[in-house]
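Trainee: quick one, fold the following:
(one chain, ligands or ions: 1)
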Amino acid sequence: MSTSTAPTGKPAKAASPAKRERVFSGIAPSGTPTLGNYIGAIRHWAAEQDIYDNIFCVVDLHAITVPQDPAELRFNTRQLYALLIAAGLDPARSSIFVQSHMHEHTELTWVLDCITPTGWLNRMTQFKVKAGEDRELASAGLYTYPVLMAADILLYQTDGVPVGEDQKQHVELARDVANSFNNRFGETFVEPRPIIREVGARIMSLDDPSKKMSKSGSDNSYIALIDEPAAIRKKIARATTDSERTIVFDENRPAIFNLLTIYQALTGQSQQAIEAEFAGKGYKEFKAALADIVVATLEPVQQRYKALMDDPASLDALMAEGAAKVRPLAQATLRTVLEKVGLR
Ligand code: TYM
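Mentor: A predicted model of the protein is given here:
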């Protein structure tokens with residue numbers, strides 16, 4: 001397991017349960033999750049459940065900041081919830097819930113909206129990318145999305161937020177919002193820090209290594225967690241490389257660097273060991289080995305996922321239990337906030 005990078009945060013040392021730091025993180029059901037989500041976030045959430053007090057959330061309210069087909073959104077939310085458990089999140093050790101099942105998120109968002117300067121939101125790079133050319137047509141929800149994300153985090157008095165590199169700016173905004181509220185109304189929120197790993201915090205697209213791997217890219221640009229082995233092998237075989245021959249970690253060769261990073265993240269081997277393993281070998285051989293490790297990682301996840309999706313009643317029960325576990329904490333924070341602001 002890789003360690004997090006300074007200065008954005010370090011995993012906590014194992015501590016007695018009473019003293020565990022709390023982590024909160026979320027993932028949006030806006031399409032099928034990718035290997036980028038898995039490497040940058042989900043695998044760490046699963047691996048560190050005994051270190052932290054863990055809360056994970058399928059953020060369906062975030063998904064609707066861009067248009068969603070209602071039936072697809074409903075399906076994607078369940079699919080993602082099942083995939084998180086299939087990928088190793090354990091309902092006995094973590095609270096796992098669906099954002100819209102907890103009305104406290106939207107209530108706190110409004111209060112935080114009213115103390116967040118628009119200048120802070122204007123600096124958010126993800127809004128600029130997601131809004132595209134015609135910014136005037138982007139929804140107000142997409143613009144204020146980082147405030148909803150701040151509410152998600154602050155509602156649970158979160159110490160650390162394990163995320164990929166692309167969410168760092170949003171977590172820092174959440175910390176600024178917490179700090180601003182605390183200064184104005186007195187100590188109320190824990191000020192959270194992002195936890196970002198050295199290896200795999202930004203997995204790039206397979207067909208264009210200048211772009212982040214994302215479900216909104218072309219079909220060959222990402223590996224979905226539910227892709228069949230044959231599709232995975234085909235996508236990796238087609239992945240962009242370069243005209244050089246050596247298989248070495250060189251950031252100036254972003255395509256092969258990205259494939260090597262995926263290999264490193266999934267095997268846990270050092271860069272030196274991987275370079276030694278493939279010294280004198282060609283891209284074809286390396287890609288076949290990479291496909292093997294991706295398939296071997298995802299196959300057991302897919303089997304557990306299918307079993308969970310075949311039992312909708314149990315999935316419903318797990319979702320209800322997850323929300324019930326986090327509700328008292330969310331209610332307590334919201335009550336304090338409403339009192340401090342003068343709404344109670
Ligand atoms: P989302 O759904 O886009 O991504 C979920 C997590 O996966 C990480 N990730 C990646 N990591 C490495 N390489 C990639 N190519 C890659 N693509 C995605 C993301 O960094 C993220 O950690 N706004 C958030 C969801 C959210 C949230 C929160 C997160 C809502 N509220 C509160 C933390 C705390 C999002 O859209 O993530």
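Trainee: C-alpha only now, for contacts and for neighbours.
Mentor: Noted.
Trainee: ok but I51 is inside a strand, no?
Mentor: No - using DSSP: H, G, I helix; E, B strand; the rest coil, the assignment for I51 is coil, not a strand.
Trainee: that one: neighbouring residues, count only.
Mentor: By other C-alpha atoms under 10 Å, the residues close to I51 number 18.
Trainee: next up, phi/psi of it, please.
Mentor: Reported as degrees, to the nearest 10, the phi and psi values for I51 are phi -90, psi -40.
Trainee: so for it, what's the pLDDT?
Mentor: pLDDT, I51: 97.
Trainee: over to L206?
Mentor: Here, the pLDDT recorded for L206 equals 98.
Trainee: surely it touches A224?
Mentor: No - here L206 lies out of contact with A224, judged by C-alpha atoms under 8 Å, at a distance of 12.0 Å.
Trainee: run through the helices of the stretch 201-344 of the chain in chain order.
Mentor: Secondary structure of the stretch 201-344 of the chain, counting by DSSP state H, counting those that start in this stretch: helices at 229-238, 254-267, 271-277, 283-309, 312-341.
Trainee: which residues of the stretch 1-150 of the chain lie near the ligand?
Mentor: Counting by C-alpha under 6 Å from any ligand atom, the stretch 1-150 of the chain comes close to the ligand at 24-28, 36-37, 39-41, 59, 149.
Trainee: what is the neighbour count of the residue nearest to V295 when sequence neighbours are not counted?
Mentor: Nearest residue to V295 in three dimensions, chain neighbours excluded: P229, at 5.7 Å (C-alpha to C-alpha, 6 or more residues apart in numbering). Neighbours of P229 under the rule other C-alpha under 10 Å: 16.
Trainee: and P229, how far from G217?
Mentor: For P229, the distance to G217 equals 20 Å [C-alpha to C-alpha, to the nearest Å].
Trainee: same question, P91
Mentor: 32 Å.
Trainee: kindly report the same for D311.
Mentor: Distance of D311 to G217, given as C-alpha to C-alpha: 31 Å.
Trainee: picking up where we left off before, need the helices of the stretch 201-344 of the chain in JSON lines (columns: distance to K130).
Mentor: Shown next, in JSON lines, are the helices of the stretch 201-344 of the chain (distance: least, C-alpha to C-alpha, whole Å):
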{"stretch": "helix 229-238", "distance to K130": "25"}
{"stretch": "helix 254-267", "distance to K130": "23"}
{"stretch": "helix 271-277", "distance to K130": "34"}
{"stretch": "helix 283-309", "distance to K130": "29"}
{"stretch": "helix 312-341", "distance to K130": "29"}
